[in-house]
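**Q** coordinates only, no sequence provided:
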């Protein structure tokens, strides 16, 4: 009898970082995929990730709405509670043999708590990495709840073991996000690339140079988002190139970022910026694989960026401490340093590919381990 | 302006382990106590801890019902989600400067998640200890979310630091549970000691020898509770002494334990067993300080038992790995070994006091640190 | 394509009142049954109704835990909120064409709100009846949310129409609870009748006379339950006959009733009372069809009692205003009137059958209407 | 001792319809105001009603986030469940003597259920009115849960009594929304009237003619909102006048309306439309008191519009059946009829004032009744 693997996808970031595993689990003879889609992955405002999931051929086993609106610290915590309430009923009825949770978002924590309390073995990707924001604490807390770990790098694996996890439960598989880089052709964009994604603002010519900007709120710096995004906007104002700007994720403070973007748009009607909600995982890889520079604080500039050689400017504390290749320049929130760094990267151009976050075959490795590993729910601090 | 310290008390165990800190915070000139009472501490079935709290002179700031009935793994997880939903609103409205959470129960996790996501500095007692059950995972996950740690022992502190916490945030204060041992006279029980607590079964003579039994479900062994408690009951059947039996806590599997006790009671109408729901923290210390043997899997046999020198028989995996003194004998679930160990302890008698879990002054230490420490909500894995 | 009919069963009372409809829907060629089992129907403490449901051959589509423990007014309301949260996800994923809700309990309200807000046509049984307790308000509020009504009596139907419902949506089908009376042989109990249901207390001889007692809390008289049940207990003390006593339902105040029963049991160890948690619907009909008197405030004394001719003593305000046959004597809460009324009924003996609540064929009627009716979700006050 | 009156304000509409009562309760010597602000009244996207509430001098007793994001039927129901969960804890801790709920929104239902289940007397405004949408069912269901009724009109009072409410609990007070019309000067707008409210789009000259448009989703026609709003937009395109457009409320389908507005804005960059999120209650009255026509499906066109004599075009089924004065023209969703009706109203100009919805003194009447009425929580169908 095949093992039922329940994977919970809660956001566009989640999906891109686990999509190849969904496929590998679905196709594995000894595994059965249970796919729950929830949280911001259901919301139009974040690009209706569920539509992309369905277009990719996955049939969600169930969907759960769990975002309490407010985009502040209170509602982020409350959404976590609601997600737990919802997931318990799903797990009660679906009875998975193992649950897999991705990275470090608050919805991820909900999956981790629900599974571990229900004696459902919990697998975790991206554990052991170091960053800023509340994600840092959440990621390590999930490691302490998880029964099997799929870190992306050896250093991350070392961290997991140093935190007292049993080494026999730690598998360095690389990050599934890299699988998509590996499998996608990033030669050039098709002529209709941007047309499929609507968004607002003047059209983007896929054959002309462009910069991608994606800046999320930093939950532990809640209240400073409006200032932070304004600095980035001012830096970008001085760059004469097409800009593909993605709206931020649903973390606390997202409203401040969005407000900054909307106010700027109303005020300046910028001629070179187009705002998008989402891209499919493959198109996102193509998008940043072809851009002249990726600016902001998304981990994709560091993670996928390493493989793709994308010049990256990482702003502020959100990615502070994360392993990265040569393609990354870290800057603070001030407009001047941001502008200077972007100009440096534009001049530098593409970097050589770095396989820091995986060899592009995490999917099969993870599926095979899920199919064969022995799970031990009686964890113990291991020193 | 004094710092608002919010302490969440969710069960009888919680209360005994934090009561002296409640007093110390309440009396500290630079601190203001916000006391939330919730979960099983509100329920008659668990001895209405809230009534004891009020009798002790504390006025709860608010009460929150959060236990989803079922006493299984699903409802334990769901109760955690509900508690988070409730606490977010409480914290939103009370705006504490720091939240303090006790040990490792599921309600404790709810406090930890809510506070850390809301950028409220989180203090944690009993971190770094090693045990079995889901408590083990939860305790360490909370450590990864907490901003300030009050471990009971040096070894526990070492574990916390080994898990990557900043050593400057780790204070070995001893366990507040020991404060009560230190402050209470355990000479002998008053003649009306048991009368105040009702319960069911034949009367207990406080001047004659008695054994205390307290066996909780082990969540990671869910489904085996009925068997486990039966073995203990059968072992006890062969002991000719008064038995003070406490009903189990609200963890998943509690129903199985309670059912075992009820079935036994209906079947045998035992002449020497009286079942109680709860004692005040001081009376509990007196109770176990005067008993001939404490049997079961409560940590109190190890923790308070060390200070009190109480002969203890610890059954099964729930306390596996916890630091303990000479007073503890670990046995498996089989009736024979349990009976044999009890008889050994009855013959051995009282042990000498061991200050393993503290010097009895955790309360002031914790209150003073809460009043003066600088909290840093930007955590980072610290190696 | 067949219509998906979602029926939510939340308690032992719910189940007995809808079981024949479950069967009729399941067997109807144009209907598909979606069965959700939740709330107290999942709890051991209320006799694990779900086990009976499964033994009867129904496979629940899903189960949902939704009872917040406390058994007071606050947790009754909170449980309603939780049930709505749970049902929304179930309905989102099951996509029923019509939802059917039974009578007037708080869980019933949850189904009504969820369905009506989700534009799912809502069918309702037992609307238009008049009683006491919060059930009275809830029942009529559900009528105002329901799109199709299956009242048990013409008088109830008249009430529904007087409240402004469109007469074309009101079908007098009789109550499905009566179907079971109609289909069951109530000649006499089998010799092992009581053995299957365990419970506590001395054995009951099914061939000797017995009285059945079932007294629920009255939510609008919250706080008086302990007194109320004591009066009944004292009345019963003076009756020299076997007593089959059922534990109360989960309504606010249930704890007070249970406490009264437990205290009495501990105090008097009554030789003639056996306490049961639940019976299958058919066995319940047999039980009350063969008893000498049914005492308490369950509607079954009035409803099934009418058909069965069971002498009934209805206590207090809970059933005040409900249509009833000759078999019912209404009394207040005082022990004297209760005792006097019981003795009158014991002397009187069986009443003749009265088909007040239906002809025993509600099941087919309801299933056929569900299969063929046109549902209009655009309701309008109809005068 | 004064009676504690708990009023729950959940949206901008709620606030305008109860503000004068908040003041009257606050100032009444025998009443104490408990003000809970929640749901969309907390959200920036709906104009941060809470900021206006605070500016008006009210200090919220507590705030509760309860909107589950999605703006569809599922999340509307789920938000109701969450609101009940939240309100139970608030009422448990605030212990109001009476709760007052406004009109017919889903959050209103949450207050009604929570209060009635908790035996807290429930007062209700706007009962007995007839409309379309789910509001129609919800309004009447709340009437069946409420213990004291403050209908706006005699006809509404008659409906309440016809539904079986005790006439002695029904007080025709008029609608508090009219109090604001009565108290506000609507002579003309100040020169900076629009500047305080930001919004997006070209500036509006308060001294030149303008039309106000406010069209909400109709929940029972979920899925048709995008079409519906487009028809209105196309009708408006042919009107050469300044347009003040308010974003819709949070009901299911709101996203469709907003999307229609955003798409139109991106496509046409209309030179005469400015989009606003909210106005203070007094400014809203001034706004519609000075406009040339109010278009859409807000009840304010009918209610306040009657008093103010504002030419109104009411679109679709949302207000179908509501009592109205001469100032209202009802039209379907087609662009042609909408355009024609607007042009008719522009030509007609102001109507004479009609005191259909009250004499402007509801506030004192309601406060006095709340202070003196005897509440009976034992409701019974009254015919």
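**A** Happy to help now that I have it. Because the structure is a prediction, the values reported are computed rather than measured.
**Q** only C-alpha atoms from now on, for both contacts and neighbour counts.
**A** Noted.
**Q** got the buried residues for stretch A:89-105?
**A** By neighbour count on 16 or more other CA atoms under 10 Å in any protein chain shown, the buried set for stretch A:89-105 is A:89-92, A:95-105.
**Q** what sits up against that stretch?
**A** Stretch A:89-105 has contacts (CA atoms under 8 Å, 6 or more residues apart in numbering or on different chains) with A:3-8, A:14, A:17-18, A:34, A:62, A:108, A:111-112, A:115, A:120-127, A:135-136, A:138-139, A:142, A:370, B:74, C:62-65, C:86.
**Q** stretch A:334-343 too?
**A** A:228, A:231-236, A:238-239, A:293, A:295, A:312-313, A:315, A:329, A:331-332.
**Q** switch the cut-off to 10 Å
**A** When contacts are defined by CA atoms under 10 Å, 6 or more residues apart in numbering or on different chains, stretch A:334-343 is touched by residues A:211, A:227-239, A:292-296, A:311-316, A:328-332, A:344-348.
**Q** and chain A, which of its residues are near chain C?
**A** Chain A comes close to chain C at residues A:60-66, A:82, A:85-86, A:88-90, A:92-94, as judged by CA under 10 Å from any CA of the partner chain.
**Q** on that earlier part again, write a PyMOL command that selects only the buried members of the contacts of stretch A:334-343.
**A** Buried residues among the contacts of stretch A:334-343 (16+ other CA under 10 Å), as a PyMOL selection:
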select buried, chain A and resi 211+228+229+230+231+232+233+234+235+236+237+292+293+294+295+296+311+312+313+314+315+316+328+329+330+331+345+346
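**Q** quick check: helices, which of the contacts of stretch A:334-343 are part of them?
**A** A:227-237, A:344-348 (DSSP state H).
**Q** which non-adjacent residue is nearest the residue of the stretch 1-150 of chain A found nearest chain D?
**A** Nearest residue of the stretch 1-150 of chain A to chain D (CA to the nearest CA) works out as residue A:68 at 4.4 Å. If the residues on either side of it in the chain are set aside, residue A:68 comes closest to residue D:68, at 4.4 Å by CA to CA, 6 or more residues apart in numbering or on different chains.
**Q** now stretch A:137-154: mean pLDDT?
**A** Mean pLDDT, stretch A:137-154: 98.
**Q** buried ones in that stretch?
**A** Those would be A:137-154, for stretch A:137-154 by 16+ other CA under 10 Å.
**Q** from the residues you listed, which land in strands?
**A** Assigned to strands by DSSP state E, the following of these qualify: A:148-150.
**Q** okay if I get the residues you listed as TSV plus distance to residue D:288?
**A** TSV is the format used below for these (distance: CA to CA, whole Å):
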residue	distance to residue D:288
A:148	62
A:149	61
A:150	61
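**Q** tell me the one of those residues nearest chain C?
**A** residue A:148 (28.7 Å).
**Q** identify the residue nearest residue A:247 in space, chain neighbours excluded?
**A** residue A:277 (5.6 Å).
**Q** these two touch, right, that neighbour and residue A:213?
**A** No - in this structure, residue A:277 is not within contact of residue A:213 by CA atoms under 10 Å, at 11.9 Å.
**Q** the two: which is more packed in?
**A** Remark: of residue A:277 and residue A:213, residue A:213 carries more neighbours, 26 against 20, as counted by other CA atoms under 10 Å in any protein chain shown.
**Q** residue contacts, that one?
**A** Contacts for residue A:213 were tallied using CA under 10 Å, 6+ apart; they are A:232-233, A:236, A:243-248, A:273, A:275, A:288, A:293-298, A:301, A:312-313.
**Q** compute the distance between residue A:22 and residue D:27, please.
**A** According to CA to CA, to the nearest Å, residue A:22 stands 62 Å off from residue D:27.
**Q** who has more neighbours, these two?
**A** Taking other CA under 10 Å, residue A:22 and residue D:27 do not tie; residue A:22 has more neighbours (22 against 14).
**Q** tell me the SS of that one?
**A** Following DSSP: H, G, I helix; E, B strand; the rest coil, the label given to residue A:22 is helix.
**Q** ok, longest helix in chain A?
**A** helix A:73-94.
**Q** tell me the angle that one makes with helix D:73-94.
**A** Going by axes from the mean of the first three to the mean of the last three CA atoms, to 10 degrees, helix A:73-94 is angled at 120 degrees with respect to helix D:73-94.
**Q** past helix A:73-94, which element shows up next along the chain?
**A** The C-terminal neighbour of helix A:73-94 among helices and strands, as given by DSSP states H and E, is strand A:98-102.
**Q** what parts of the stretch 51-200 of chain A come near chain D?
**A** Checking the stretch 51-200 of chain A against chain D by CA under 10 Å from any CA, the hits are A:64-71, A:74-75, A:78-79, A:82, A:199-200.
**Q** that older thread, now do the shared contacts for residue A:277 and residue A:213.
**A** In contact with both residue A:277 and residue A:213: A:245-248, using CA under 10 Å, 6+ apart.
**Q** which of the residues you listed sits closest to chain B?
**A** For these, the nearest to chain B is residue A:248 (18.3 Å; CA to the nearest CA).
**Q** tell me how far the closest one lies from residue D:107.
**A** To residue D:107, residue A:248 is 29 Å away according to CA to CA.
**Q** got the residues of the stretch 201-350 of chain A near chain D?
**A** A:201-202, A:255, A:259, A:262-263, A:266-267.
**Q** are any of those buried, and which?
**A** A:201-202, A:255, A:259.
**Q** nearest to chain B, of the residues you listed?
**A** Taking CA to the nearest CA as the measure, residue A:255 is the one of those closest to chain B, at 16.0 Å.
**Q** residues in contact with the residue nearest to the closest one when sequence neighbours are not counted?
**A** Closest residue to residue A:255 apart from its sequence neighbours, by CA to CA, 6+ apart: residue A:71 at 6.1 Å. Contact analysis of residue A:71 by CA under 10 Å, 6+ apart lists A:79, A:217, A:249-256, D:43-44.
**Q** with distance to residue A:193 added, can I get those residues in CSV?
**A** Shown next, in CSV, are the contacts of residue A:71 (distance: CA to CA, whole Å):
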residue, distance to residue A:193
A:79, 34
A:217, 28
A:249, 22
A:250, 25
A:251, 28
A:252, 31
A:253, 30
A:254, 27
A:255, 28
A:256, 29
D:43, 35
D:44, 34
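**Q** among those residues, which are in helices?
**A** Counting by DSSP H, the contacts of residue A:71 contribute A:79, A:254-256 to helices.
**Q** most neighbours among those, which one?
**A** Using other CA under 10 Å as the neighbour criterion, residue A:79 leads the ones in helices among the contacts of residue A:71 with 28 neighbours.
**Q** please consider this matter closed, and thank you.
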